[in-house]
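*Asks:* just the structure for this:
(3 chains)
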Amino acid sequence: MKKTVDVSLPIGPVHPVFKEPARIKCETMGEKVLSAEVELGYVKKGIERIMRDRPWQEVMFLAERICGICSVIHNMVFIEAVEKACDIALAPRAAYLRVIVNELDRMQSHILANYSYCYTIEHETLAMYLLNIRETVMDQLELLTGARVTCAYIIPGGVRFDIKPADAEKLKLALLKIESDIRRFMGMFENGRMIALRSKEVGILTPEEARIAHAVGPTARASGVRLDERLNHATYKLLNFEPVLRDECDNYARIMVRFQEVLQSIALIRKCLNEMPAGLIRSGGEVGAGSYSWKGEAPRGELTYDLKTDEYGRILDIAIMTPSIMNIEACGHYMLKGIDSAADITSTFISSDPCIACNER
Amino acid sequence: MSIIQKLKNKVRSRSIHVSYVNVGSCNGCDIEILACLSPRYDLEQYGIYVHNNPREADILLITGALCEQWDDKLVSLWEKIPEPKAAITIGNCPVSGCVFNRRGSYVNPPVSKHIPVAASIPGCPPRPSEIVSTILSLAPEVFKDFEEKKR
Amino acid sequence: MTAFIYEKDLSNMKLKILMSPFHTRMVDEISKKYDVSPTRLRKILMENFDMSYLENLPARFNAWKSVKCEEGLDYAVGATLFVDYIPLLSEKDAEIVIEKVKNEIDSGTDRDAAILAAREEIAGMIWR
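*Replies:* Numbering: from 1, shown residues only, chains lettered A, B, ... in the order given. Here you go, the predicted model:
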């Protein structure tokens, strides 16, 4: 960078508000941020390299461990890509169960993202409320899949466990509680005057910039870009899914989009529970040779798996593009530029829900 | 045992400051540490405070399989923590590299090559209750009579 | 003190980012189109961009490919690619190149030949 500035302000890699290590180097003039650059390499594990030439049974677990926060969607997109490459039919009941688990995962991820943001703007009360309600969501995830984080629930042709009627009742009760709580917290966030001062008109990402940096997920939808891979997914089409859009383009909009999507996920899960057909949760099939490129909507946005298998079910070639890559880049080069106060750097960075582990793989 | 040592033991048993650092994990263990903060597990009722600031920490929680950038930084981070201190590794990654320790990957486990590790919690990831109970059982062992033992 | 305390040589890690499959495909495509060696292209990219930018290059490249220009001249030459999406060129330089191609096509040069010449010129500007 050119040395035409007052101070070069490095933040990180270990910082009280960062869940993960990354380093933001900001060039500042007084309090104003002129430009920022993000330094990575703290969690580069080379997962794509070790995935190659391994049987799909191993790659499935590796795919899940790309990101611990949104592990279900990595599992889901990888398995769906394998299914499509090898023409494995999917049991109809399993398709709905997948959506239920995926939406639960999205809920906990969004609540965690909003927790981080509230914690960063020092609104600890709201943050702790959100973290507590997240535990209720995690319980439901554990009830369905048997594990809290890396559950390996989705397998080719179906899912591992069926949902018992008693568990479905428990899930419905928990959803009622989550919905009423989230509505209350959303009201607190929406009407909080101090929150508005810290969030509105901060970290602007215009739709044009979002398109150039190819921002995805809630970050793009808060800028009014209609981009959601769930629109192309067969099961979500049956559920008449429609994405949440806002046009404020700032930190406030990004957090509100996530709150609204949590409520939307609750509605989707209810719809799934009502419409789910009876029947088997697995169908037969064999993983053979084929190749496919498939996209899915992770909590943070569009997730791409491009893979090629051989006749023994080994992964010959795999390429992964995760949503955080685009969002962190959009955040670093467009949102952070022109922020009026150095105190807003961290909150703006967190508002784009950065997941460094996804980003670097 | 001197009175001052007794006083220190008493204070230290209810004031354990924790910092966590991710040296290349998948986030799974990190969010389980975060879950410990939630009112359900409520770390602070045991006198454990998570600051995530190494300079005021007593216990360093380490997740992940150690990536290239951390080779020098982890040691300098460890040196910044004031005595008495202890490091706890969380998950399989800092112990063995877990699924990432394969030919061709960029990780460099175990973490104990670089800094002394007092305890390890295996699991992929371990549950929040396991993390809390480990901190609670390790901290008194390390901090009790620290000055007298050193002499 | 003038030096940063924690500054470290990042080129090795930047290279690791560029070796991932999507990046390899993108580098191959660009280097074929502009007739430069992939190694040279990687070096230029590493010198000009920070790490988050490098990670995002394939997404940006795809975003550029998905934007369809009606005229197709910008698209064929790739001027917008190197101004907006992978900013290695200044807007002024790109305008000069586009203007030149248009003039050449108007004066009767073959369209394909003119585009090839323009690509070469862009490559020359970036890799000088």
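*Asks:* switch to C-alpha atoms for all contacts and neighbour counts from now on
*Replies:* Noted.
*Asks:* how about the closest residue to B:Glu44 other than its chain neighbours, what does it touch?
*Replies:* Spatially, and ignoring its direct neighbours in sequence, B:Glu44 is nearest to B:Leu37 (7.9 Å; C-alpha to C-alpha, 6 or more residues apart in numbering or on different chains). Residues in contact with B:Leu37, defined by C-alpha atoms under 8 Å, 6 or more residues apart in numbering or on different chains, are B:Leu43, B:Glu44, B:Val50.
*Asks:* what residues does the stretch 1-150 of chain A have near chain C?
*Replies:* A:Glu37, A:Val38, A:Glu39, A:Leu40, A:Gly41, A:Glu48, A:Arg49 (C-alpha under 8 Å from any C-alpha of the partner chain).
*Asks:* could you look up the SS state of the last one?
*Replies:* Right, the one you point to is A:Arg49. helix (DSSP: H, G, I helix; E, B strand; the rest coil).
*Asks:* what's the answer for the fifth one, then?
*Replies:* The assignment at A:Gly41 comes out as coil when based on three-state DSSP.
*Asks:* again with the first one
*Replies:* Here A:Glu37 takes the strand state, with states given by three-state DSSP.
*Asks:* what about it, how many neighbours?
*Replies:* Counted with other C-alpha atoms under 10 Å in any protein chain shown, the burial measure for A:Glu37 works out to 23 neighbours.
*Asks:* setting aside sequence neighbours, what's the nearest residue to it?
*Replies:* That would be A:Lys25: by C-alpha to C-alpha, 6+ apart, it lies 5.2 Å from A:Glu37.
*Asks:* going by distance to chain A, which of the contacts of B:Leu37 wins?
*Replies:* B:Val50 (9.1 Å; C-alpha to the nearest C-alpha).
*Asks:* in what helix or strand does the residue lying closest to that closest one once chain neighbours are set aside lie?
*Replies:* Excluding the flanking residues, the one nearest B:Val50 by C-alpha to C-alpha, 6+ apart is B:Val18, at 4.7 Å. For B:Val18, the enclosing helix or strand under DSSP states H and E is strand B:16-22.
*Asks:* give me the helices and strands touching that strand, please.
*Replies:* strand B:48-50, strand B:59-63 (3 or more C-alpha pairs under 8 Å, 6 or more residues apart in numbering or on different chains; DSSP states H and E).
*Asks:* which one (most neighbours) among the contacts of B:Leu37?
*Replies:* B:Val50 (20 neighbours).
*Asks:* so that residue touches B:Ser19, yeah?
*Replies:* Yes. Contact criterion C-alpha atoms under 8 Å: B:Val50 and B:Ser19 qualify, at 6.0 Å.
*Asks:* which parts of chain C sit against chain A?
*Replies:* So chain C meets chain A at C:13, C:17, C:20-22, C:50-53, C:55-56, C:59-60, C:63-64, C:84-85 (C-alpha under 8 Å from any C-alpha).
*Asks:* for residue 17, what are phi and psi?
*Replies:* In the absence of a named chain, this looks at chain A. phi -100, psi -10 (degrees, to the nearest 10).
*Asks:* should've been chain C
*Replies:* phi -60, psi -40.
*Asks:* quick check: it touching C:Ser52?
*Replies:* No. Between C:Ile17 and C:Ser52 there is no contact under C-alpha under 8 Å: 9.6 Å.
*Asks:* anything in contact with each of these two?
*Replies:* Joint contacts of C:Ile17 and C:Ser52 (C-alpha under 8 Å, 6+ apart) do not exist.
*Asks:* chain B: helices as residue ranges?
*Replies:* B:3-13, B:28-37, B:70-80, B:93-96, B:128-143, B:146-150 (DSSP state H).
*Asks:* report the angle between the second one and strand B:16-22.
*Replies:* What separates the directions of helix B:28-37 and strand B:16-22 is an angle of 150 degrees, with axes from the mean of the first three to the mean of the last three C-alpha atoms, to 10 degrees.
*Asks:* how far away is A:Ala330 from A:His214?
*Replies:* 8 Å (C-alpha to C-alpha, to the nearest Å).
*Asks:* helix or strand with the lowest mean pLDDT in chain B?
*Replies:* helix B:146-150 (a mean of 74; mean pLDDT, DSSP states H and E).
*Asks:* may I see the buried residues of that helix?
*Replies:* B:Phe146 (16 or more other C-alpha atoms under 10 Å in any protein chain shown).
*Asks:* can you tell me what sits against that helix?
*Replies:* Residues contacting helix B:146-150 (C-alpha under 8 Å, 6+ apart): B:Met1, B:Gln5, B:Pro84.
*Asks:* for those residues, which one is nearest chain A?
*Replies:* B:Pro84 (20.5 Å).
*Asks:* what sits against the closest one?
*Replies:* B:Asp58, B:Val142, B:Phe143, B:Phe146.
*Asks:* between those residues, which is nearest A:Glu201?
*Replies:* B:Asp58 (39.5 Å; C-alpha to C-alpha).
*Asks:* quick check: the residue of the stretch 51-200 of chain A nearest chain B.
*Replies:* A:Gly68 (3.8 Å).
*Asks:* how far does stretch A:19-30 sit from the chain's center?
*Replies:* Distance of stretch A:19-30 from its chain centroid, counting by C-alpha atoms, centre = their mean, to the nearest Å, is 23 Å.
*Asks:* and for stretch B:35-55?
*Replies:* Distance, centroid of stretch B:35-55 to centroid of chain: 12 Å (C-alpha atoms, centre = their mean).
*Asks:* what comes up buried for it?
*Replies:* Here stretch B:35-55 shows B:35-39, B:41-44, B:47-54 as buried, counting by 16+ other C-alpha under 10 Å.
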